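Participant: Predicted structure and sequence below. I'll ask about it afterward.
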Amino acid sequence: MNSSKKIRKSFLIILAMIIWSVNFPFWLAAESLNDQDQVTINSLIDKVCQRLTSYPDFEKWQALVVTTYIDADKNWQPEKIKRVKKILTVNGDTREEEILEAVDTENGKSRDVTAEYRQSRLERLKKLKENAEKARKSGQKPEVKNQLTKDDLIPFSDKKKNLYTFRLLGEEELRGEKVYVIEARARVKRNNLFEGRYYLSEKTYDPLKMLLQPSKNPAFVRDFQVEIDLEPWQNQLVLKKSRIKVYGGFLFKTVRLTIEEEYSDFKVIS
C-alpha cells in the first residue's frame, strides 16, 4: 500500500467514526460571566445532559445528503472536487445509500461519475454488512459499533464528563440566538477523544454548534478539525451541516482534504 493510500485509509477510518450518525464564522468575542449571578459550569453541563436524554430515540430515519470532497494544494486551493447527492436511510446499525448524482470537477472541467461511484458505494456497503455479520457470529463488535456516538462527541454525561475538564468561556449570539460557550479539554490525550468548543442554547440547552479536534492526532495526521451544526427537529437533535478538514503526510506525500456535508428533508420511517 503506498503512502497516499495509507493517509487516505487513516483519514477515512476517523471520518467513519465521526459520522455516526460550512464554513461558518467561528465565534465573536465572548462576554465574561459573573460566577456569582450567572449559570455555573457544572449546572450547565447537567442541564445539557438532561436535555439530550429527554429526546426520544428513533433508529430508522432518512435524509437527503449533499457531500463535497475537496482535495487541495498547499495553499488550500481546490485541485479536485467531488460532489455527491444521495438519499441516506439509517435503520439501527444498517446504512443504505441511494446515489442520485456524483460529479468530479478538475482543471475547470466537470465529469458525471454517478454510475461508477454508485457501484463503488454498493460494494463498500456490502462489505460493511458482511463484516458486521462475521463480527456478530464471532461475538465481536461490528465496525459500525465502533463508531463514535453523540455521547462521545458531546461528553456531558456522567459516564464521559470525568474524562474532561470544562471551562465556561462566556455568552455569544449564534444565528440570532443567545448561546453559552463551553470549552472541553481531555484530561488524558487520546485520538478517540475529541475536545473543543460547544455552543449551547440559553433557551433550551441544546448544543447548536461544535468546533472540535482530536485531543491527540492519529498517526500520519498533523491537523484534524471538525465543525458540526445541529438543529432541533421533531423532538430530536439532528445533524444539519458538518465540515471536516484534515492535513496529513507520510514521507514525501502530503494530503489536504476537506469534506463538507449538508443534511435536509429528514423523515422518520415507521
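Facilitator: Thanks, I have it. Just so it is clear, the model here is predicted, and its values are computed rather than measured.
Participant: does residue 62 really touch residue 263, like I thought?
Facilitator: No - counting by CB atoms under 8 Å, residue 62 does not reach residue 263; the two are 10.4 Å apart. Where C-beta positions appear, they are placed from N, C-alpha and C, glycine not excepted.
Participant: Those two: which is more packed in?
Facilitator: Counted by other CB atoms under 10 Å, residue 62 and residue 263 do not tie: residue 263 has more neighbours, with 20 against 17.
Participant: so what's that one bridging to?
Facilitator: With DSSP bridges as the criterion, residue 263 is bridged to residue 65.
Participant: Spit out the contact partners of it.
Facilitator: Neighbour list for residue 263: 63, 64, 65, 238, 239, 240, 241 [criterion: CB atoms under 8 Å, 6 or more residues apart in numbering].
Participant: Apart from its neighbours in sequence, what residue is nearest the fifth one?
Facilitator: Think residue 239. residue 263 (5.4 Å; CB to CB, 6 or more residues apart in numbering).
Participant: measure that neighbour to residue 151 for me?
Facilitator: Using CB to CB, to the nearest Å, we find residue 263 at a distance of 20 Å from residue 151.
Participant: same check, this time on residue 233
Facilitator: Using CB to CB, we find residue 233 at a distance of 19 Å from residue 151.
Participant: And for residue 247?
Facilitator: Distance from residue 247 to residue 151, by CB to CB: 28 Å.
Participant: and what of residue 136?
Facilitator: 23 Å.
Participant: Equivalent analysis for residue 227, please.
Facilitator: Residue 227 sits at a distance of 19 Å from residue 151 (criterion: CB to CB).
Participant: The two - which one has more neighbours?
Facilitator: Between residue 227 and residue 151, counted using other CB under 10 Å, residue 227 has the larger neighbour count: 19 against 15.
Participant: list the contacts for the more buried one?
Facilitator: The contact partners of residue 227, by CB under 8 Å, 6+ apart, come to 22, 24, 209, 210, 211, 212, 241, 242, 243, 244.
Participant: can you check residue 73 too?
Facilitator: Listed by CB under 8 Å, 6+ apart, the contact set of residue 73 reads 79, 256.
Participant: Now that residue 85 has come up, it's in contact with residue 63, right?
Facilitator: No - in this structure residue 85 lies outside contact range of residue 63 using CB under 8 Å: 11.8 Å.
Participant: The residue nearest to residue 129 when sequence neighbours are not counted pairs with what?
Facilitator: In this structure, residue 129 finds its nearest non-sequential neighbour in residue 94, 7.4 Å apart by CB to CB, 6+ apart. Beta-bridge pairing for residue 94 (DSSP bridges): residue 91.
Participant: and the end-to-end length of stretch 65-84?
Facilitator: Distance across stretch 65-84, first residue to last, is 8 Å (CA to CA, to the nearest Å).
Participant: pLDDT on the helix or strand encompassing residue 167, on average?
Facilitator: Per DSSP states H and E, residue 167 falls inside strand 164-174. For strand 164-174, the mean per-residue pLDDT is 95.
Participant: Output the contacting helices and strands for that strand.
Facilitator: helix 41-54, strand 177-186, strand 194-201 (3 or more CB pairs under 8 Å, 6 or more residues apart in numbering; DSSP states H and E).
Participant: where does the stretch 51-200 of the chain have low pLDDT?
Facilitator: Applying pLDDT under 70 to the stretch 51-200 of the chain flags residues 140-149.
Participant: Would you mind giving both backbone torsions of residue 57?
Facilitator: Main-chain torsions, residue 57, degrees, to the nearest 10: phi -100, psi 110.
Participant: quick one: contacts for it?
Facilitator: Counted by CB under 8 Å, 6+ apart, residue 57 has zero contacts.
Participant: again, but for residue 230
Facilitator: Residue 230 makes contact with 206, 207, 208, 209, 210, 237, 238, 239, 240, according to CB under 8 Å, 6+ apart.
Participant: Kindly state the beta-bridge partners for it.
Facilitator: Beta-bridge partners of residue 230, as defined by DSSP bridges: residue 239.
Participant: How much space separates it from residue 179?
Facilitator: As judged by CB to CB, residue 230 and residue 179 stand 12 Å apart.
Participant: Now do the shared contacts for those two.
Facilitator: 208, 209.
Participant: I figured residue 179 hits residue 169, correct?
Facilitator: No - in terms of CB under 8 Å, residue 179 does not count as a neighbour of residue 169; the distance is 10.7 Å.
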